[in-house]
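*Asks:* based on what follows, work out the 3D shape:
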Amino acid sequence: MQLVMMEAHIARKLHEQMLRIRMVEEKICELYSEQEMRCPVHLCVGQEAIPVGVCAHLAPKDYVLSGHRSHGHYLAKGGDLKAMMAEIYGKVTGCCMGKGGSMHLIDLAAGFLAATPIVGSTVPIGVGAALASVMRREDRVTVVFFGDAAVEEGVLCESINFAVLKRLPVVFVCENNAYSVNSPLSVRQPQEREIYEIALGHGMESLQADGNDVIAVYGLAGKAIDKARRGNGPTFLEFKTYRWLEHCGPNDDCHLECRSETELYKWKERCPVRMLEGRLLSEGVATPEGMRLVAANIATEMEEAVRFAKASAFPDPDLLLKHIYAP
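*Replies:* Reported below is the predicted structural model:
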């Protein structure tokens, strides 16, 4: 999709949302060594185009579910930044009252149903949410984000099969970043098969695109979400991308020899934020001054969120066993 075919304010908003996620993640990296965030963090630096391009088509009433690398999905769907930071700091003002941490984010007001660390575990939950929407005659689309390792779980195939059978309004979004912890895709899956072909085998429309091109993501996701909203069934989208940092934590991992610095450098050259910035500037959709103002506003918002999180109280011990069972 060309920028000339997209309204200027939409293109600028996509850039702002990607930059916001990037700056939030970089701030977490900066502060993590202070040892006040006592939960693991799985960061999505380098993958910002996918949550932003997909969630741009969703309303608060629509549902999103995610896995352990969920910060980008949470923020792109409209989750509260202060509540997210407080949750990572383990504070009672967090979106899970400080009991979940980075991998258990939730914001029902924004339609962010759940993020859980077990690989592939939210896929069937998302399909169940979509089924419930149909049974209640609700105008609602469900999007489930997961990584390439989730397709190695049997529950994904079961969920795809059921979604096709019932023509559910659900979009499966695979963020293929080529690694599961430190294992590259080549040692886990057949090299002769693309991931999106798995869904094709179940009779589901399945498409693949560049996950670092937010305009491409936006275009493909818009069609899939519109299709689901019109009652025409599910779609599987595979977006190829790359995470810059280690599997879990704020550091690099090239020294572990699971990937080379050359490989990382090539992907950094295709930074989704910088690629869109270049297009916006070259096509006259944005100005350097405007971009600097956007960055300054995000930095201010982030500093306020950190201050809020640090100043908040820890959960009372009485909360430990609450909210475990449904009433």
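*Asks:* drop to CA atoms for contacts and neighbour counts, all remaining ones
*Replies:* Fine.
*Asks:* for the protein, which segments count as strands?
*Replies:* Chain-ordered strands for the chain, with DSSP state E as the definition, fall at 63-66, 112-115, 142-147, 170-176, 179-180, 183-184, 205-210, 235-240.
*Asks:* ok, which of those comes nearest Ile198?
*Replies:* Proximity to Ile198 (CA to CA) singles out strand 205-210 among these, at 8.6 Å.
*Asks:* and that closest one, what does it pack onto?
*Replies:* Helices and strands in packing contact with strand 205-210 are listed as helix 196-200, helix 214-229, strand 235-240; criterion 3 or more CA pairs under 8 Å, 6 or more residues apart in numbering; DSSP states H and E.
*Asks:* average pLDDT across the last one?
*Replies:* Taken as a whole, strand 235-240 carries a mean pLDDT of 98.
*Asks:* what does the shortest one give?
*Replies:* Averaging pLDDT along helix 196-200 gives 96.
*Asks:* which other helices and strands contact that helix?
*Replies:* Based on contacts counted as 3+ CA pairs under 8 Å, 6+ apart, the elements that helix 196-200 packs against are strand 205-210, strand 235-240.
*Asks:* what's the most buried one of those strands?
*Replies:* The highest mean neighbour count among the helices and strands packed on helix 196-200, using mean count of other CA atoms under 10 Å, belongs to strand 235-240: a mean of 25.
*Asks:* other residues contacting stretch 83-97?
*Replies:* In this structure, residues lying in contact with stretch 83-97 by CA atoms under 8 Å, 6 or more residues apart in numbering are 36-39, 80, 82, 98-102, 104-107, 305-306, 308-310, 312-316.
*Asks:* low-confidence bits of this structure, can you list those?
*Replies:* 1-5 (pLDDT under 70).
*Asks:* nearest residue to the middle of it?
*Replies:* Among the residues of the chain, the one closest to the centroid is His73, at 3.1 Å (CA atoms, centre = their mean).
*Asks:* for that residue, which non-adjacent residue is closest in space?
*Replies:* Pro51 (5.1 Å; CA to CA, 6 or more residues apart in numbering).
*Asks:* export the helices and strands packed on strand 205-210 as a markdown table, with columns for distance to Pro327.
*Replies:* Output for these, formatted as a markdown table (distance: least, CA to CA, whole Å):
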| stretch | distance to Pro327 |
| --- | --- |
| helix 196-200 | 37 |
| helix 214-229 | 32 |
| strand 235-240 | 35 |
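*Asks:* most packed of these?
*Replies:* strand 235-240 (a mean of 25).
*Asks:* helices and strands around that one, which ones?
*Replies:* In this structure, strand 235-240 packs against strand 170-176, helix 196-200, strand 205-210, helix 214-229, with contacts taken as 3+ CA pairs under 8 Å, 6+ apart.
*Asks:* could you dump the helices and strands packed on helix 196-200 to JSON lines with distance to Gly67?
*Replies:* Output for the helices and strands packed on helix 196-200, formatted as JSON lines (distance: least, CA to CA, whole Å):
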{"stretch": "strand 205-210", "distance to Gly67": "20"}
{"stretch": "strand 235-240", "distance to Gly67": "16"}
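*Asks:* which ones are touching the closest residue to Val217 other than its chain neighbours?
*Replies:* Setting aside the residues directly before and after it, Val217 is nearest to Gly53 in space (CA to CA, 6+ apart), at 5.2 Å. Contacts for Gly53 were tallied using CA under 8 Å, 6+ apart; they are Leu14, Val214, Ile215, Val217, Tyr218, Gly219, Ala221.
*Asks:* tell me how far Gly53 lies from Gly222.
*Replies:* 8 Å (CA to CA, to the nearest Å).
*Asks:* circling back to that earlier point, who's in contact with the residue nearest to His73?
*Replies:* Pro51 is in contact with Gly72, His73, Ala76, Lys77, counting by CA under 8 Å, 6+ apart.
*Asks:* the second one and Ser66 touch, don't they?
*Replies:* Yes. A contact is recorded between His73 and Ser66 when judged using CA atoms under 8 Å, the distance being 7.0 Å.
*Asks:* now do the shared contacts for the two.
*Replies:* Phe145.
*Asks:* identify the contacts common to Gly53 and Gly222.
*Replies:* Shared contacts of Gly53 and Gly222, counting by CA under 8 Å, 6+ apart, come down to nothing at all.
*Asks:* spatially nearest residue to Ala8, not counting backbone neighbours?
*Replies:* Setting aside the residues directly before and after it, Ala8 is nearest to Val285 in space (CA to CA, 6+ apart), at 6.0 Å.
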